[in-house]
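*Asks:* any chance you can model this:
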Amino acid sequence: MKRLSLILAAVLLLAGCKGSRTLLPNVSGKAGEVIVVLDKANWEGDLGNDVRELLASDCPYLPQKEPLYNLVNVIPSGFTDLFRVHRNIFIFNIDPQLTSTGMNYQSDVWSSPQCVVQLSARDAAEADSLLMMNKANIMSVIEQAERDRIIRNSILYEEAGLAPQVKEIFGGSPHFPSGYKLRKKTSDFVWIADVKQYITQGILIYKYPVDSKDPLSLQEIISHRNSTMMVNVPGMFENTYMTTGEYMPPTVEYIKFRGREFAQTRGLWEVVNDYMGGPFVSHSFYSPDGKDIIVAEGFVYAPRFDKRHYLRQVESILYSWEWAEK
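*Replies:* Here you go, the predicted structure:
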């Protein structure tokens, strides 16, 4: 019996050691930051310029200039354990002796939830060519990794009670993280926001009947947006209300994401007869029965701060939309 107990203890110890190897530390680094592992010569040359043009160009539809991502260059010999646990890593493996070249996308290599992109090439020119050929995929992978982290936290620290109220009206809802509160609710409109002293992040969800042949055109989306905001989103003073800014005309793109199709609109909002404003992004899509257009919109008001990260947070909430189980 004693011998059997010792054997069982050894088996459990080995199982525990084996399981511990799969445990990864939490990622480090700031949201919106990417470690670029590339030697100094190429970082300061054409290859580095193209990397910055891709990942650090101006983030669209922000009132002030902000880069899409903040880049940190690390030379290959300096890529130690300190940097390996970073959330987003882009590794350039440039070696004339390589037998195969191309792109490799991995997750949770040294930490979790981590995004690792590796580009392998024999020289800088080939690396630059691969970068240009795969720039859409590179951007998509990093952006989705940033988005998924926010969605994961929204679900983990969800504000209980909000999603059921939204599902009651629209048949589905995104996940709202802790801090968001219900500000307004009608039969076809919901306003939920996280309001701090100098920062407001808002989610507006509304619906309207399909009343045209092309209800997801930019013109129809903005027309319904403006009429909805005028009635439901007043400003701080009398005769003030939210509308769509005209200084930077909004744009729309049509997206299919994990089984859902929607029109994604970006633009700037402003308040009529006041000086408030900021960026917004919205998803417009058909209701399950096809009779209504549902719009889920996120907006940011942060006059004292950079807005890229706050906008990415509300946009990620929109991407977490789930239909209610039937």
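*Asks:* neighbours of residue 56, how many?
*Replies:* 16 (other C-beta atoms under 10 Å). C-beta coordinates here come from the backbone N, C-alpha and C atoms, glycine included.
*Asks:* gap between it and residue 98?
*Replies:* To residue 98, residue 56 is 27 Å away according to C-beta to C-beta, to the nearest Å.
*Asks:* cool, residue 133 as well?
*Replies:* According to C-beta to C-beta, residue 133 and residue 98 sit 17 Å apart.
*Asks:* render the CA-only coordinates of stretch 137-155 in PDB, please.
*Replies:* Taking Å, rounded to 0.1, in the frame of the first residue of the first chain, the C-alpha atoms of stretch 137-155 are listed here in PDB:
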ATOM      1  CA  ASN A 137      -2.700  40.500 -43.300                       C
ATOM      2  CA  ILE A 138      -0.100  41.900 -40.900                       C
ATOM      3  CA  MET A 139      -2.400  44.800 -40.000                       C
ATOM      4  CA  SER A 140      -5.400  42.500 -39.600                       C
ATOM      5  CA  VAL A 141      -3.600  40.100 -37.300                       C
ATOM      6  CA  ILE A 142      -2.300  42.700 -35.000                       C
ATOM      7  CA  GLU A 143      -5.500  44.700 -34.900                       C
ATOM      8  CA  GLN A 144      -7.500  41.600 -34.200                       C
ATOM      9  CA  ALA A 145      -5.200  40.600 -31.300                       C
ATOM     10  CA  GLU A 146      -5.700  44.100 -29.800                       C
ATOM     11  CA  ARG A 147      -9.400  43.800 -30.200                       C
ATOM     12  CA  ASP A 148      -9.700  40.300 -28.800                       C
ATOM     13  CA  ARG A 149      -7.800  41.300 -25.600                       C
ATOM     14  CA  ILE A 150     -10.400  44.100 -25.000                       C
ATOM     15  CA  ILE A 151     -13.300  41.700 -25.800                       C
ATOM     16  CA  ARG A 152     -11.800  39.200 -23.400                       C
ATOM     17  CA  ASN A 153     -11.700  41.700 -20.600                       C
ATOM     18  CA  SER A 154     -15.200  43.000 -21.400                       C
ATOM     19  CA  ILE A 155     -16.500  39.400 -20.900                       C
END
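*Asks:* I'd assumed residue 266 was in contact with residue 248.
*Replies:* No - between residue 248 and residue 266 there is no contact under C-beta atoms under 8 Å: 9.3 Å.
*Asks:* who has more neighbours, those two?
*Replies:* residue 266 (18 against 14).
*Asks:* can I assume residue 136 sits in a helix?
*Replies:* Yes - checked against DSSP: H, G, I helix; E, B strand; the rest coil, residue 136 lies within a helix.
*Asks:* do you know how far it is from residue 103?
*Replies:* Distance from residue 136 to residue 103, counting by C-beta to C-beta: 11 Å.
*Asks:* so the two - more neighbours on which side?
*Replies:* residue 103 (16 against 9).
*Asks:* for the more buried one, what are its contacts?
*Replies:* 117, 118, 119, 120, 130, 134, 137, 138 (C-beta atoms under 8 Å, 6 or more residues apart in numbering).
*Asks:* likewise residue 226?
*Replies:* Neighbouring residues of residue 226 by C-beta under 8 Å, 6+ apart: 243, 244.
*Asks:* confidence score at it?
*Replies:* On the pLDDT scale, residue 226 is placed at 98.
*Asks:* same question, residue 270
*Replies:* Taking residue 270 on its own, its pLDDT is 97.
*Asks:* across the sheet, point out what pairs with it.
*Replies:* Beta bridges link residue 270 to residue 243, residue 277 when assigned by DSSP bridges.
*Asks:* hmm, back to that, joint contacts of residue 248 and residue 266?
*Replies:* residue 61.
*Asks:* going along the chain, name the helices of the chain.
*Replies:* For the chain, the helices defined by DSSP state H occupy 2-20, 40-43, 46-55, 81-84, 124-133, 135-156, 162-170, 218-232, 308-319.
*Asks:* how about the second one: buried residues?
*Replies:* Within helix 40-43, the residues that qualify as buried are 42, 43, counting by 16 or more other C-beta atoms under 10 Å.
*Asks:* how about the third one?
*Replies:* Applying a neighbour-count criterion of 16+ other C-beta under 10 Å, the buried positions in helix 46-55 are 47, 48, 51, 52, 54, 55.
*Asks:* same check on stretch 285-302?
*Replies:* Using 16+ other C-beta under 10 Å as the test for burial, stretch 285-302 gives 285, 287, 292-302.
*Asks:* would JSON lines of the residues you listed with distance to residue 26 and pLDDT be doable?
*Replies:* Output for the buried residues of stretch 285-302, formatted as JSON lines (distance: C-beta to C-beta, whole Å; pLDDT from 0 to 100):
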{"residue": "285", "distance to residue 26": "34", "pLDDT": "98"}
{"residue": "287", "distance to residue 26": "39", "pLDDT": "97"}
{"residue": "292", "distance to residue 26": "41", "pLDDT": "98"}
{"residue": "293", "distance to residue 26": "40", "pLDDT": "98"}
{"residue": "294", "distance to residue 26": "35", "pLDDT": "98"}
{"residue": "295", "distance to residue 26": "35", "pLDDT": "98"}
{"residue": "296", "distance to residue 26": "30", "pLDDT": "98"}
{"residue": "297", "distance to residue 26": "31", "pLDDT": "98"}
{"residue": "298", "distance to residue 26": "26", "pLDDT": "98"}
{"residue": "299", "distance to residue 26": "30", "pLDDT": "98"}
{"residue": "300", "distance to residue 26": "26", "pLDDT": "98"}
{"residue": "301", "distance to residue 26": "31", "pLDDT": "97"}
{"residue": "302", "distance to residue 26": "27", "pLDDT": "96"}
